[in-house]
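Novice: the sequence isn't on hand, but the structure is:
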């Protein structure tokens, strides 16, 4: 049986479907002036639906699709405190530059390259949060400009927008030391993300420089620190399990530096179970400055990140990368600031 040959889709077909002139369709497809942005988007969408790009892949190669693939784990997407603010910045900056954001959820255990990337119908990729190196390598094979947000690989070179994690944590620890604290611990799962590991390192450096609790490996007294697998309890709000972990420590510090504000607020609730008061018994400093810091009692002292600006900078870097594909990759670090509230008390010998 002879296969029926499909009729080739032409600009004329698209023009007739949309009741436009062939010239208008041509201007839209070739990203030329003379048609509105709204018309251009409609032409591209219709051409895609009709299969025009399947027969004319050169249009895709020239990045005529003003789409950006945003790749993020679903749990991070639902984080209303941090990543939603980052995504808001991304969406606003993308819209300002006439780009649409296509959100795709990724599964670290069963990673799938988004179809929009496979068909090269996006001009760039933003990966928000952690991504495994092997998954990142799969994405980069498509040779589409890619920027990581709040994450960077140790082995694969890409553009990234990050936070001044080490200086911020150093700043928080130094603040506690100035308040007279010498028995200071760190609370947070340091292997959960690059940001948490860097904050742990900043804490260590501040303690080492102050000559406090020096340990030959960690530089600090590990007995004051909870750095193992606790993020699952932070995310699930399992305060009883965290209280159980704290109750088993040989001795409590007078202050804790936390991997982020969610970890700090988890401590608040665990302390409540144990009858420990903040800051009377233990001082706490967070990191990120999420909205709830001003709601909890006492209000949480923390390190502020401009989360929306992080998203804006990510889009700006991606747009720059689209125009400068051969330039060296760069890591942009967001400035941080100590926000002093009520969760730290001064202690003096």
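Specialist: Structure's in. What do you need? What you see is a predicted model; the values in this text were computed from it and never measured.
Novice: ok, residue 22 touching residue 11?
Specialist: Yes: contact between residue 22 and residue 11 holds when scored by C-beta atoms under 8 Å: they sit 5.3 Å apart. In short, each C-beta sits where N, CA and C put it, glycine included.
Novice: okay, the two: which has more neighbours?
Specialist: Between residue 22 and residue 11, residue 11 has the larger neighbour count (other C-beta atoms under 10 Å), namely 20 against 14.
Novice: that one against residue 27, yeah?
Specialist: No: taking contacts as C-beta under 8 Å, residue 11 lies outside contact range of residue 27: 10.4 Å.
Novice: model confidence for residue 17, exactly?
Specialist: On pLDDT, residue 17 comes in at 87.
Novice: skipping adjacent residues, who's closest to it in space?
Specialist: Among residues not flanking residue 17 along the chain, residue 46 sits closest, at 5.9 Å (C-beta to C-beta, 6 or more residues apart in numbering).
Novice: how about the strand or helix carrying that neighbour: buried residues?
Specialist: For residue 46, the host element (DSSP states H and E) is helix 37-50. Across helix 37-50, burial judged by 16 or more other C-beta atoms under 10 Å covers 39, 40, 41, 42, 43, 44, 46, 47, 48.
Novice: now do the strands in the stretch 101-250 of the chain.
Specialist: Remark: strands assigned in the stretch 101-250 of the chain by DSSP state E, counting those that start in this stretch are 124-128, 146-149, 159-163, 184-187.
Novice: could you list the low-pLDDT ranges of the stretch 101-250 of the chain?
Specialist: Applying pLDDT under 70 to the stretch 101-250 of the chain flags the ranges 213-222.
Novice: helices of that one, start to end?
Specialist: Using DSSP state H, counting those that start in this stretch, the helices of the stretch 101-250 of the chain run over residues 115-118, 133-140, 165-178, 194-210, 231-235, 239-247.
Novice: in a markdown table: those, plus distance to residue 70.
Specialist: Formatted as a markdown table, the helices of the stretch 101-250 of the chain follow (distance: least, C-beta to C-beta, whole Å):
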| stretch | distance to residue 70 |
| --- | --- |
| helix 115-118 | 10 |
| helix 133-140 | 12 |
| helix 165-178 | 22 |
| helix 194-210 | 19 |
| helix 231-235 | 21 |
| helix 239-247 | 32 |
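Novice: out of those, which comes closest to residue 54?
Specialist: helix 115-118 (13.0 Å; C-beta to C-beta).
Novice: quick one: contacts of the closest one?
Specialist: For helix 115-118, contacts defined as C-beta atoms under 8 Å, 6 or more residues apart in numbering pick out 67, 69, 102, 104, 122, 125, 139, 142, 144.
Novice: which strands border the helix or strand harbouring the second one, and is each parallel or antiparallel?
Specialist: Of the helices and strands defined by DSSP H and E, residue 69 is found in strand 67-72. Paired strands of strand 67-72, with direction, are strand 100-105 (parallel), strand 124-128 (parallel) (DSSP bridges).
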